[in-house]
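# please find the sequence and the predicted model below.
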Amino acid sequence: MVQALNYLKETASQTAGPYVHIGLAPGDAGFDIYARELGRDITGPNALGKRITVTGRVIDGTGAPVKDVLIEVWQANAKGVYPGSGDVEDGFRGWGRVIPDFGTGAYSFETVKPGAVQGRNDRPMAPHLNLWLVARGINIGLNTRMYFDDEETANAADPVLNLIEQTHRRNTLIARAEGNTYHFDIRLQGDGETVFFDL
Amino acid sequence: MTTRDLYQRDREWHPPALAPDYKSSVARAPRLALLSLQSSASELTGPTFGHGDIDPIDNDLIRNYAKSGDPIGERIILHGRVLDESGRPVPNTLVEIWQANAGGRYRHKKDTYLAPIDPNFGGCGRTLTDENGYYTFRTVKPGAYPWRNWVNNWRPAHIHVSVFGTAFAQRLITQLYFEGDPLIAKCPIVKTIPDQRAIDQLVAALDLNATVPFDSIAYKFDIVLRGHRSTFFENRPEGN
Ligand SMILES: [Fe+3]
């Protein structure tokens, strides 16, 4: 016999189900209950940097949009600083909740373009948004990233993109710019399946 | 804020993405391997919340939507701690819950189950853990409800729970069940979890010590988030 390690086990995940909006965005479930719903404003009013819109759809293995998905966004400010790890603009939370249109599955949100962030061993990472997806049928939240196609040099040196062995799959994480709007579809399965991370 | 690495997530303890008996997972499960990523600031930081974000009544589901009286149902206290895998409390972290009413009906524009909407019950609540990681809600016990999976499936009574921790990579959504419910063992969503011990950890225990006599029965539900690695030997030039 040996001593017991006595670690606790992480609570197992369960699907957020079809009614995740009740808990996390009740206005979208069809009723108002909280004075302030959380995650409606990623940047706050004082954020510096380029204002952008991100739009797209989450698509399932049959090609249909996932209309009941909820996406959380976590990002650094335009200087590449995350709240809590350095000074950011007053009111900048860097976090938001995105709910697609129930009819079409199209999502859209506004934020500022993040700066390059210091990665492991002080290697810079190209500007990116961190995304977490939950929905009915998703048993444990899916983590991915969105990069920007107008950051070619930074993307080419990004330590995370470079971990993706099948180089063509790197494109699944790169949003396409059109003016100040970035288009980013997430494919859960099948042709062009988005790269998801085990963090 | 800490930016220490986290313990590796035990993917054999969590449900797999693809669990065919839960039919909705079939077209929504990634089929390619997840890319293993050593965490950086992007994963080891996360949003924080304060008392300015929520109202004190937000954790009282008996009152936070009441219009003309109390909601129908068995009144319960739901309480517990948020801990990490090392047993350390996680203070000041946001816990959000949502649930059906006592009849098993959600207040959601997409829920069409024939059980009635309760005019005094919204079905969501939120709170911050205190400095010792404790949280409390007051609510009514949700009812079981039917759902489209097999022809005749019923969800056990459950409350959906969302927790943050301090790192985006600790983000967790789960469901809590109630001690003694015979539907737990029959539920295809519960059974997406391969290990019975992990399922048992999702079953809130009847807690007579926390009841309010002649008012509310009580259940205790502790939530465990991923633990943080120690920082011994962190000066290695290439990290660890
Ligand atoms: Fe449910």
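The structure has been received and is ready for your questions. Note that the structure is predicted; figures quoted are calculated from it, not measured. Residues are numbered from 1 along each chain as shown, chains lettered A, B, ... in the order given.
# so which residues of chain A form strands?
For chain A, the strands defined by DSSP state E occupy A:51-59, A:70-74, A:95-98, A:106-112, A:117-118, A:124-125, A:128-134, A:142-148, A:174-178, A:181-183, A:186-187, A:197-198.
# any chance of those strands in JSON lines, plus mean neighbour count and distance to chain B?
C-betas here are computed from N, CA, C, even on glycine. Shown next, in JSON lines, are the strands of chain A (neighbours: other CB atoms under 10 Å in any protein chain shown; distance: least, CB to the nearest CB, whole Å):
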{"stretch": "strand A:51-59", "mean neighbour count": "20", "distance to chain B": "9"}
{"stretch": "strand A:70-74", "mean neighbour count": "24", "distance to chain B": "5"}
{"stretch": "strand A:95-98", "mean neighbour count": "22", "distance to chain B": "4"}
{"stretch": "strand A:106-112", "mean neighbour count": "18", "distance to chain B": "14"}
{"stretch": "strand A:117-118", "mean neighbour count": "20", "distance to chain B": "6"}
{"stretch": "strand A:124-125", "mean neighbour count": "20", "distance to chain B": "7"}
{"stretch": "strand A:128-134", "mean neighbour count": "24", "distance to chain B": "5"}
{"stretch": "strand A:142-148", "mean neighbour count": "23", "distance to chain B": "7"}
{"stretch": "strand A:174-178", "mean neighbour count": "16", "distance to chain B": "15"}
{"stretch": "strand A:181-183", "mean neighbour count": "17", "distance to chain B": "18"}
{"stretch": "strand A:186-187", "mean neighbour count": "20", "distance to chain B": "9"}
{"stretch": "strand A:197-198", "mean neighbour count": "16", "distance to chain B": "4"}
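# possible to save those as a markdown table with mean pLDDT?
Below are the strands of chain A laid out as a markdown table (pLDDT from 0 to 100):
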| stretch | mean pLDDT |
| --- | --- |
| strand A:51-59 | 98 |
| strand A:70-74 | 98 |
| strand A:95-98 | 98 |
| strand A:106-112 | 98 |
| strand A:117-118 | 94 |
| strand A:124-125 | 97 |
| strand A:128-134 | 98 |
| strand A:142-148 | 98 |
| strand A:174-178 | 98 |
| strand A:181-183 | 98 |
| strand A:186-187 | 98 |
| strand A:197-198 | 98 |
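# ok, which stretches of chain B are helices?
B:41-44, B:196-200 (DSSP state H).
# point out the most buried one among those helices.
helix B:41-44 (a mean of 24; mean count of other CB atoms under 10 Å in any protein chain shown).
# any chance you could list what contacts it?
A:74, A:76, A:82, A:85, A:117-119, A:125, A:128, A:130, A:143, A:145, A:199, B:2-6, B:37, B:167-169 (CB atoms under 8 Å, 6 or more residues apart in numbering or on different chains).
# again, but for stretch A:53-69
A:18, A:20, A:71, A:100-111, A:129, A:133-136, A:138, A:146, A:175, A:180-190, B:26-29, B:31, B:110.
# now swap in stretch B:61-79 and tell me
Contacts for stretch B:61-79 (CB under 8 Å, 6+ apart): A:31, A:33, B:57-58, B:97, B:99, B:101-103, B:118-125, B:134-141, B:143, B:159, B:176, B:204, B:207, B:210-212, B:215-221.
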